[in-house]
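S.K.: Here you go, sequence then predicted model.
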Amino acid sequence: MDHCRIDDRWQYNGLRAIVMESDLLRIVVLADHGAKIHEFVYKPRDRDFLYHNPRIVPSRPIYGANVDNWWTGGLDECIPCGWESHYRGDVYPVLGEVWSEPWSYEILERGPLEVCVHMWCMCRVAPLKIDRWMSLRSGEAVLHMEHVVTNVSVAEGEFEFMWGLHPGFAISPEMRIDLPAENVTVDRASPDFRPGAATYAWPHFLDVDGRTIDMRLVEGPEAGIWRLHFARLKEGWLALTDTRARVGIGLVFPIEIFSYSWIWLVYGGWRGLYCAGLEAWNGYPPKLEEAATSGRCSRLGRGETLKAQTKLVVYEDLESFKGIASQDSARGLEKS
């Protein structure tokens, strides 16, 4: 059996890059770009599931910059807000504070059967610290992650925050989206722009022209649309499957923390890009002040922590995804 290895002696366009490998996966993490997971390659298919913006190469971000003009794809960790927010007299940037910051790290395991790196970052304004442990194990097509948010305030009491995992996935019209949703709220739909205009039962969305759209089916870039919907979840997973190649990727997370998915679908209608964001969040709407008022966010008292274990899982020989029977492994995948 092939061994695992990890190497941090790399740079990507001047950014510190950590390369993690097992016999099945190759992961590239950009420490100087918010600990972004830049590549997620399934080696047996030589397939990177993450999207890469064709017009923007990763470079060192500027705190407070408009993330839309810096977003290169990959997976970002977002805290303490989704959109620009005004909370307790402070202004927080889009997707929060840590996506644009350099993260510290320490390699804990170097193989041969497992590799593990601990990464961490302190928010500049919010009294929050985020820690993330990432590990690969030989023989598993799974990236294991453990996240810990800590309220590090020495004086203030309870602090409210949004928290999300924001992956951008590469897509094609042969792909299918699966998620265990209840009610879904339409936030934005373009060109039929309707903020907060409707709710629907997944997966059947009635568009502005009265057409019923099966949201599970990925449309082509010629559609010229983009959508942002908020889904209340019944279980803690999201999945994207290539029905032709019969291979897919699942994001698994604790439903008691990440109880919502932000479904961001870009089918050519935003800046001519083509990608899908199936995001796990602890609430909505994206502005922290609104989420706090509605009670749809997390809160920590001084010195308290919030922990979550998440996974990115690759699966094969399925045309759709029903769930993961056990969160301890990638087994238990079922065809629906």
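M.R.: Nice, I can see it. Residues are numbered from 1 along each chain as shown.
S.K.: for Leu113, what are its contacts?
M.R.: His3, Cys4, Arg137, Ser138 (CB atoms under 8 Å, 6 or more residues apart in numbering). Yep, even glycine has a C-beta here, placed from its N, CA and C like the rest.
S.K.: gap between the residue of the chain most remote from its centre and Leu300?
M.R.: The centre of the chain is farthest from one residue, Ala155, which by CA atoms, centre = their mean lies 31.8 Å away. The gap separating Ala155 from Leu300 is 14 Å, by CB to CB, to the nearest Å.
S.K.: The closest residue to Ala35 other than its chain neighbours: how many residues sit nearby?
M.R.: Distances taken as CB to CB, 6 or more residues apart in numbering put Trp103 closest to Ala35, at 4.3 Å, once the chain neighbours are dropped. Under the neighbour criterion other CB atoms under 10 Å, Trp103 is assigned a count of 23.
S.K.: Give me the pLDDT for Trp103.
M.R.: At Trp103, the model reports a pLDDT of 98.
S.K.: Touching, it and His118? I think so.
M.R.: No: using CB atoms under 8 Å, Trp103 is not in contact with His118; the gap is 10.0 Å.
S.K.: I'd like the distance from the least confident helix or strand in the chain by mean pLDDT to the chain centre, please.
M.R.: None of the helices or strands of the chain scores lower by mean pLDDT, DSSP states H and E than strand 181-190, at a mean of 86. Taking CA atoms, centre = their mean, to the nearest Å, one finds strand 181-190 lying 18 Å from the centre of the chain it belongs to.
S.K.: next one: stretch 177-191
M.R.: The answer for stretch 177-191 is 16 Å, by CA atoms, centre = their mean.
S.K.: Mind listing what's buried along it?
M.R.: Buried residues in stretch 177-191, defined by neighbour count with 16 or more other CB atoms under 10 Å: Ile177, Asp178, Leu179, Pro180, Ala181, Val184, Thr185, Val186, Asp187, Arg188, Ala189.
S.K.: all strands for the stretch 151-300 of the chain, in order.
M.R.: 159-161, 164-168, 175-178, 181-190, 198-201, 204-206, 212-214, 225-233, 237-242, 247-252, 260-267, 274-281, 298-300 (DSSP state E, counting those that start in this stretch).
S.K.: Could you spell out the sheet neighbours of the fourth one, each with its direction?
M.R.: In the sheet containing strand 181-190, its partner strands are strand 198-201 (antiparallel), strand 225-233 (antiparallel), by DSSP bridges.
S.K.: Packed most tightly, which of these would that be?
M.R.: With neighbours taken as mean count of other CB atoms under 10 Å, the strands paired with strand 181-190 reach their highest mean count in strand 225-233, at a mean of 21.
S.K.: Could I get the buried residues of stretch 177-191 in JSON lines, plus columns for distance to Gly168?
M.R.: Putting the buried residues of stretch 177-191 into JSON lines (distance: CB to CB, whole Å) gives the following:
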{"residue": "Ile177", "distance to Gly168": "14"}
{"residue": "Asp178", "distance to Gly168": "18"}
{"residue": "Leu179", "distance to Gly168": "16"}
{"residue": "Pro180", "distance to Gly168": "21"}
{"residue": "Ala181", "distance to Gly168": "20"}
{"residue": "Val184", "distance to Gly168": "20"}
{"residue": "Thr185", "distance to Gly168": "21"}
{"residue": "Val186", "distance to Gly168": "21"}
{"residue": "Asp187", "distance to Gly168": "18"}
{"residue": "Arg188", "distance to Gly168": "17"}
{"residue": "Ala189", "distance to Gly168": "19"}
